[in-house]
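Visitor: Structure for the following, please:
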Amino acid sequence: MTRNIKFLFASRVCSEFTQAMYPIVLPLFILQLHGSLRLSGVFFAIVMLPSMLFIPFIGTWIEKFSKQKIISFFLLISSFLFVGQFILLISIKFPSLFLLGMFAILITISADTSELASKVLFTEIVSREELEKYNGMKSLIDNISGFGAPILGTVIYGCFGFKMIVLLGGILYLISSGFMTQLSYTRRKQNSKSKTSFFVNMKNGIRPIQQNRIVLNMVLLSASLNFFVASGGDIINPGILIQKYHISNQLFGMVEVAFMIGVALSGLIILKKTPNLKPFLPRLFILDSIVMIIIGVASITMIGINKLLFLLIFLVLEVVLGFVTILINVPIISLYQSEVVLEYQSRFFGFNSFLGKLAITLGTLYTGFLSQTFGADTILIINNICVIIIVGVTFGKAISPKVDTELKVE
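Guide: Predicted structure coming up:
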């Protein structure tokens, strides 16, 4: 492992710890203040909207600069925002949703900018042949760094309040920015030397999707899945465990830990075996949805029986869910990094992030409203039935285990 990769991973240990802790505790804080899943859904939809709108422009803008400097700068900005939020929380006992939302919006934009630059930087410092291996290692390190974050976050939240979460986040982002300044590398030169307008460059970010059928299918499928399942941590899990089963905030943190265990196990397998997972993507998508449907069915059928037994079943299924999720995510991001030329990567990832965020925003809003009316578990089942139908339409015969299929890039 090169020196650059070591510092990149060290930086991500700190930033991912914060990113694993903050999104778990913030919904609990909003739920504590207002007690409404519908309001929580609207809040997170609004928070994600500005970043969603700006990310295609950001993807085009950052391609002119050193990705190392972009990441370092915005990690530092994130640190300042967390410290500013801490000052707000110690000054105002019950801050308004507007102020919380403004900080969350700026933190989201800053974090998304550094993450977008990180994807391109990863392609610049890792060879094409080792992309899937190091993406597996990155996923493993990202999630191991966040392994204790949910438990620590919920414990700190329960004992000291939300303000201590944001103070810790500010410190960790500052350390993460320091690690990024230690990278030393030569930017890989792009093929194109022609000067074109900003908006033409941004439009060219769609070219890899237009010219590559498998990339197009993956982008559209990922957006569809984000709409139906990405709101699980913000809406579905709190709706089932906290509102329906009255699980404590401290025990709720175990959900993310269970998910991280599955992620870590999956990452280790990818790191050691480096399997070709692309032919199995259709079946992995369906398996992922089946696990979530089982969670929804268990929630409906076990109410009033034993909430700790249900929590145990929930945690076991979350381990499986974490395991399968990484087996899906790693080959997809590796495919994008290997098949989209470096010249278009920041623009492509910006456009892809826009579609993903649009889907997540609308999906969170939709799931929050329907969960308040019909119950989080019922909506979880309906959403994942929709996912299975979408996968079936997209991949067709590739789902059958008798078909020797391989995802080919045309």
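Visitor: Low-confidence ranges, this structure, go.
Guide: 1, 37, 41, 129, 143-148, 185-205, 274-275, 397-410 (pLDDT under 70).
Visitor: try 50
Guide: 192-193, 401-410 (pLDDT under 50).
Visitor: those strands in it, which residues are they?
Guide: Applying DSSP state E to the chain gives no strands.
Visitor: can you tell me which residue is nearest the centre of it?
Guide: Taking CA atoms, centre = their mean, the centroid of the chain lies closest to Ala230, which sits 8.2 Å from it.
Visitor: Please spell out which residues along stretch 24-33 are buried.
Guide: Residues of stretch 24-33 classed as buried by neighbour count (16 or more other CB atoms under 10 Å): Ile24, Val25, Leu26, Pro27, Leu28, Phe29, Ile30, Leu31, Leu33. C-beta: built from backbone N, CA, C; applies to glycine.
Visitor: Check stretch 53-69 too.
Guide: Here stretch 53-69 shows Phe54, Ile55, Pro56, Ile58, Gly59, Thr60, Trp61, Ile62, Glu63, Ser66, Lys67, Gln68 as buried, counting by 16+ other CB under 10 Å.
Visitor: likewise stretch 127-137?
Guide: So, applying 16+ other CB under 10 Å, buried residues of stretch 127-137: Leu131, Glu132, Lys133, Tyr134, Asn135, Gly136, Met137.
Visitor: which residues touch it?
Guide: Outside stretch 127-137, the residues within contact range by CB atoms under 8 Å, 6 or more residues apart in numbering are 5, 9, 122-123, 126, 267, 270-271, 274, 326, 330-331, 333-334, 337-338.
Visitor: Mind doing that once more with 6 Å?
Guide: Val126, Gly267, Ile270, Leu271, Thr274, Val330, Ile333, Ser334, Gln337, Ser338 (CB atoms under 6 Å, 6 or more residues apart in numbering).
Visitor: which residues touch the last one?
Guide: With contact set as CB under 6 Å, 6+ apart, Ser338 has these partners: Arg128, Leu131.
Visitor: Show me where the stretch 151-300 of the chain has its helices.
Guide: 162-180, 198-204, 207-211, 213-229, 237, 249-273, 281-301 (DSSP state H, counting those that start in this stretch).
Visitor: mind putting the ones you listed in a markdown table, distance to Ser72 and mean neighbour count included?
Guide: Formatted as a markdown table, those follow (distance: least, CB to CB, whole Å; neighbours: other CB atoms under 10 Å):
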| stretch | distance to Ser72 | mean neighbour count |
| --- | --- | --- |
| helix 162-180 | 4 | 22 |
| helix 198-204 | 24 | 15 |
| helix 207-211 | 28 | 16 |
| helix 213-229 | 28 | 19 |
| helix 237 | 33 | 23 |
| helix 249-273 | 26 | 20 |
| helix 281-301 | 34 | 19 |
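Visitor: Phi first, then psi, for the residue nearest to the centre of the chain.
Guide: phi -70, psi -10 (degrees, to the nearest 10).
Visitor: Make 16 the first number, not 1, from now on.
Guide: Got it, first residue is 16 now, which makes that one Ala245.
Visitor: Could you check how far the residue lying closest to it once chain neighbours are set aside is from Ala60?
Guide: The shortest distance from Ala245 to any non-neighbouring residue, by CB to CB, 6 or more residues apart in numbering, is to Ile375 (4.6 Å). Per CB to CB, to the nearest Å, Ile375 is found 9 Å from Ala60.
Visitor: Also Trp76?
Guide: For Trp76 relative to Ala60 (CB to CB), the value is 25 Å.
Visitor: One more: Lys82?
Guide: With CB to CB as the criterion, Lys82 and Ala60 are 30 Å apart.
Visitor: and of the buried residues of stretch 39-48, the nearest to Asn399?
Guide: Pro42 (20.6 Å; CB to CB).
Visitor: Lovely, talk soon.
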